[in-house]
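[1] Starting from these lines, generate the structure:
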Amino acid sequence: MSASPEPSRVGFSANIPGANTFDWLFSNPFSTESEYTPLRQCVPPVDEKRPIFVDHATDIALTYSRLRNDALAFAGGLRALGLDPENLITLPPTPSCPRPEVAPVVLMQLPNCLPFATAFLGTLAAGLTVTLASPSLTATELAWVIKNSRPRVLITTRSNLETMKQALDSQDDPAYANQTHVYAVDVAQDPYPLGQATNTDGDWRNLVSPDLALQSGYSFPPESAATRTAVILWSSGTSGRSKGVLLSHNALNFSTASLWHDADFYGGRHQRWLGYVPFYHVFGLSNQFLIGVCIGSTTYTMPTFKLDALLGAIPRRQITYLHMAPPVAVMLAKSAVVEPFLRRDAHGRNAFSSVVAGVTGGAPLGHEVVVQVFKRLGFLVRMGYGMSEACSVTVQSGTTEQAMLSYKNDTGRPHWGVELMVAAGDNQDVTKAAPFGTPGEILLRSAALLSAYIPAQGLQHAASSDPDMSVTREALTHDGWLRTGDVGTLDPDGTLCITDRIKELIKVRAYQVAPAELEALLCSVDAVADAGVVGVHDKNEATEWPRAFVVARDPEASEADLHALAQQLKTHIECHTARYKWLVGGIVFVKQIPKSPSGKILRRVMREGGVEGGVEVALYQRKKRHETKSKL
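    Numbering: from 1, shown residues only. Okay, the predicted model is just below:
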């Protein structure tokens with residue numbers, strides 16, 4: 001009798017000492033050998049004068065000591081507003097956390113800039129909870145974030161100040177806005193180092209007062225690091241609205257340790273990185289911002305992405321490791337703009353000679369692009385896999401051509417302390433692994449998992465009512481595994497291959513778009529009877545785009561009428577959503593939306609063209625990204 005197939009479960013559990021993330025980051029956690037820091041990864045203690053964040057446009061730097069001191073001063077400013085870190089909202093236990101706790105919330109809606117670093121770290125130092133929002137959110141989207149997280153302090157850019165005020169004014173509780181403090185950052189003009197307080201109402205610099213500075217980060221018992229929420233990120237769900245993901249101090253600390261344990265690109269070199277991947281996104285936050293402070297890397301911040309600026313910055317800053325979204329890898333592989341930077345000097349070096357390797361995540365990247373980048377530029381772009389609910393999960397290893405040839409459209413092996421499983425079946429009560437090589441839903445477990453999602457009724461009602469934790473219960477198994485919604489396989493070596501996606505999210509670059517949100521907006525237009533949205537893959541740009549299938553209310557509408565309606569819907573979506581949610585995939589007018597007997601939209605049928613009708617309207621002129629210098 002042959003042996004039963006071995007179940008596909010890899011990795012192991014681990015943890016680290018509990019601490020406030022602020023104290024952890026500034027404790028030189030990787031300076032000595034430990035369970036989570038192998039000798040090869042030990043980093044000398046960071047020099048107090050080492051530039052940690054440098055504004056790429058101005059060369060103004062935040063040194064290690066200045067960053068710590070300004071953050072502590074900012075923390076003192078927040079505490080002076082009356083924000084008490086012991087004023088906690090406590091949620092019911094979840095399989096990943098015995099007691100999720102949320103301190104008073106500070107909302108930050110900032111691009112990558114020096115003030116982001118001071119405000120983020122200062123909020124953690126104060127023992128408070130920070131939530132991060134994209135600067136591209138509309139007033140409607142921002143209002144949802146505010147409604148659910150109920151921040152006491154809100155920080156945005158001067159250009160987004162009106163949007164912030166509109167979002168506040170739309171809240172159901174008129175008294176709430178009067179209890180908040182709104183501050184603005186002028187990203188282009190605010191000087192650094194900071195001078196005296198301006199006494200201008202709403203100027204964020206007024207919070208950075210050395211006279212009020214804390215001596216250290218707010219201290220709590222080590223075991224509380226796993227229950228106290230450090231940051232709330234926002235992850236889209238199939239319900240159509242973003243979900244608040246609660247990540248504890250321990251989750252952030254563990255994520256940095258897990259990442260650095262496997263950072264095979266280090267080799268004892270001082271790290272110099274370009275900080276254009278948004279810090280408000282889990283990829284930029286965990287892979288760059290947090291780990292950069294720990295090891296003393298120098299990150300050159302860029303508030304927006306431009307290909308020509310990136311190419312000029314790499315040789316000027318002697319970048320050692322390049323973080324990127326998949327579309328950037330496509331540009332590096334194909335764009336003619338790259339050609340002048342390939343020329344070699346008398347020593348045989350070109351603009352990319354300092355780059356040891358790169359990493360990409362947030363969406364799939366074809367192996368052929370990885371090969372093209374390596375042959376053209378001479379460094380290896382490795383795929384990683386992660387999510388807001390779990391930080392970084394896996395990454396490919398190696399920096400050589402031989403390593404590249406071993407890749408098989410996989411996303412690598414699990415990081416230190418991360419467990420992976422491919423589930424057999426969808427039994428909610430029994431967590432059972434499928435045999436190696438058998439496709440199934442990917443489950444994962446680690447100390448970096450979310451504590452919970454914000455309850456359905458928001459944080460403001462969680463303390464006074466029975467919180468609706470159904471979304472959290474659906475995401476976590478009884479024994480603490482996170483259901484990713486992705487389908488894949490594991491091999492006995494622990495290599496993960498993602499083959500499909502259960503969840504219906506559309507991945508536009510590194511962002512997630514919920515079809516239900518766009519469908520609700522489309523159906524809110526009187527001339528629309530029904531709508532369904534799917535993602536269509538664009539190989540040239542290594543991304544998906546939202547495409548809408550729409551049933552017009554008037555069944556006799558002419559083709560000219562449908563084109564006019566398409567333009568109306570285009571404008572409607574643009575007015576109510578961030579740019580990455582726009583219908584770049586176009587609109588297809590159909591007779592009806594295919595649905596199951598229970599009413600669920602059959603998106604695969606739409607994606608594969610199995611719908612009646614088919615008047616297609618292109619809304620945007622899509623050029624191949626490698627032929628442009630477009631912004632991300």
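
[2] Going by C-alpha atoms from here, please, whenever you check contacts or count neighbours.
    Will do.

[3] For V584, see how far away V330 is.
    18 Å (Cα to Cα, to the nearest Å).

[4] So which of those two has more stuff around it?
    V330 (24 against 21; other Cα atoms under 10 Å).

[5] thinking the more buried one is in contact with K539, fair?
    No. Using Cα atoms under 8 Å, V330 is not in contact with K539, being 9.3 Å away.

[6] who's in contact with the lowest-mean-pLDDT helix or strand in the chain?
    None of the helices or strands of the chain scores lower by mean pLDDT, DSSP states H and E than strand 496-501, at a mean of 80. Contacting residues not belonging to strand 496-501 are listed as 394, 409-414, 439, 485-490 [Cα atoms under 8 Å, 6 or more residues apart in numbering].

[7] Take the residues you listed and keep only those in strands.
    Among the contacts of strand 496-501, the members found in strands (DSSP state E) are 394, 413-414, 485-490.

[8] Please identify which pair of these lies farthest apart.
    R413 and G485 (18.5 Å; Cα to Cα).

[9] Those two: which has the busier surroundings?
    More neighbours surround R413 than the other of R413 and G485, with 24 against 17 (other Cα under 10 Å).

[10] Leaving out the residues flanking it, which one is nearest to that one?
    Once flanking residues are discounted, R413 sits nearest to T495: 4.7 Å by Cα to Cα, 6 or more residues apart in numbering.

[11] Got the phi and psi for that neighbour?
    phi -80, psi 130 (degrees, to the nearest 10).

[12] what about the strands in the stretch 101-250 of the chain?
    In the stretch 101-250 of the chain, the segments counted as strands under DSSP state E, counting those that start in this stretch are 101-102, 105-109, 129-132, 153-157, 181-185, 229-236, 242-248.

[13] Out of these, which is closest to D466?
    Using Cα to Cα, those put strand 101-102 closest to D466, at 15.2 Å.

[14] which neighbours does the least confident helix or strand of the chain have in its sheet, and in what orientation?
    Pairing partners of strand 496-501, with direction, according to DSSP bridges: strand 482-490 (antiparallel).

[15] taking the mean pLDDT, what do you get for the partner strand?
    Mean per-residue pLDDT for strand 482-490: 90.

[16] repeat for stretch 215-230
    Across stretch 215-230, the average pLDDT comes to 97.

[17] which phi and psi does L450 have?
    According to degrees, to the nearest 10, L450 has phi -60, psi 150.

[18] quick one: buried residues of stretch 509-528?
    By neighbour count on 16 or more other Cα atoms under 10 Å, the buried set for stretch 509-528 is 509-519, 522-523, 527-528.

[19] Could I get the CA-only coordinates of that stretch as CSV?
    Only the C-alpha atoms of stretch 509-528 are listed here, as CSV (Å, rounded to 0.1, in the frame of the first residue of the first chain):
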residue,chain,number,x,y,z
ARG,A,509,-0.9,48.0,-9.1
ALA,A,510,-0.4,47.6,-5.4
TYR,A,511,-4.0,48.7,-4.5
GLN,A,512,-7.1,46.7,-3.9
VAL,A,513,-10.4,47.7,-5.5
ALA,A,514,-13.7,46.2,-4.3
PRO,A,515,-16.0,45.5,-7.3
ALA,A,516,-19.1,45.9,-5.0
GLU,A,517,-18.1,49.5,-4.2
LEU,A,518,-18.0,50.5,-7.9
GLU,A,519,-21.2,48.5,-8.6
ALA,A,520,-23.0,50.4,-5.9
LEU,A,521,-21.8,53.7,-7.4
LEU,A,522,-22.8,52.7,-10.9
CYS,A,523,-26.3,51.5,-9.8
SER,A,524,-26.8,54.8,-8.0
VAL,A,525,-27.2,56.4,-11.4
ASP,A,526,-30.9,56.5,-12.5
ALA,A,527,-30.1,55.4,-16.1
VAL,A,528,-28.5,52.2,-14.9
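
[20] and it, how far out from the chain's middle?
    Put simply, stretch 509-528 sits 21 Å off its chain's centre (Cα atoms, centre = their mean, to the nearest Å).

[21] Check stretch 310-322 too.
    Going by Cα atoms, centre = their mean, where stretch 310-322 is centred and where its chain is centred differ by 23 Å.

[22] ok, now stretch 438-455?
    Distance of stretch 438-455 from its chain centroid, counting by Cα atoms, centre = their mean, is 15 Å.

[23] Near L619, how many other residues are there?
    As a burial measure, L619 scores 17 neighbours (other Cα under 10 Å).

[24] dump the residue contacts of the closest residue to it other than its chain neighbours.
    Closest residue to L619 apart from its sequence neighbours, by Cα to Cα, 6+ apart: G586 at 5.3 Å. If you count contacts by Cα under 8 Å, 6+ apart, G586 has them with 546-548, 616-620.

[25] same thing but at 6 Å, please
    Contact analysis of G586 by Cα atoms under 6 Å, 6 or more residues apart in numbering lists 547, 617-619.

[26] Setting the sequence-adjacent residues aside, check what's closest to R382.
    V359 (4.7 Å).

[27] Neighbours of that neighbour, how many?
    With other Cα under 10 Å as criterion, V359 counts 19.

[28] Now do it, the pLDDT please.
    On pLDDT, V359 comes in at 94.

[29] Quick check: it is in a strand.
    Yes. Using DSSP: H, G, I helix; E, B strand; the rest coil, the assignment for V359 is a strand.

[30] That one touches Y385, doesn't it?
    No. Using Cα atoms under 6 Å, V359 is not in contact with Y385; the gap is 10.3 Å.

[31] could you give the mean pLDDT of stretch 528-543?
    The model assigns stretch 528-543 a mean pLDDT of 90.

[32] Mind listing what's buried along it?
    Neighbour counts using 16+ other Cα under 10 Å place 528-537, 541-543 of stretch 528-543 among the buried residues.

[33] ditto for stretch 21-29
    Using 16+ other Cα under 10 Å as the test for burial, stretch 21-29 gives 21-26, 28-29.

[34] and which of those is nearest A263?
    Looking across the buried residues of stretch 21-29 and measuring by Cα to Cα, the closest to A263 is P29, at 14.8 Å.

[35] Excluding chain neighbours, give the residue nearest to that closest one in space.
    Nearest one to P29, counting by Cα to Cα, 6+ apart, is C294 at 6.6 Å.

[36] Show me the shaky parts of the protein.
    In the predicted model, the chain carries pLDDT under 70 at residues 1-6, 190-199, 236-240, 363-364, 426-430, 464, 596-600, 623-632.

[37] How is it partitioned into domains?
    21-414, 506-627 (automatic domain parsing).

[38] Among the ones you listed, which comes closest to P467?
    Per Cα to Cα, nearest to P467 of the domains of the chain: domain 21-414, 7.4 Å.

[39] Check the offset of the closest one from the chain's centre.
    9 Å.

[40] burial count for C575?
    With other Cα under 10 Å as criterion, C575 counts 14.

[41] ditto for A313
    A313 has 18 neighbours, counted by other Cα under 10 Å.

[42] Equivalent analysis for M164, please.
    By other Cα under 10 Å, 25 other residues sit near M164.

[43] hang on, Y64 packs against E48?
    Yes. Taking Cα under 6 Å as the definition, Y64 is a contact partner of E48 at 5.1 Å.

[44] of the two, who's got more company?
    With neighbours defined as other Cα under 10 Å, Y64 and E48 compare such that Y64 has more, 21 against 14.
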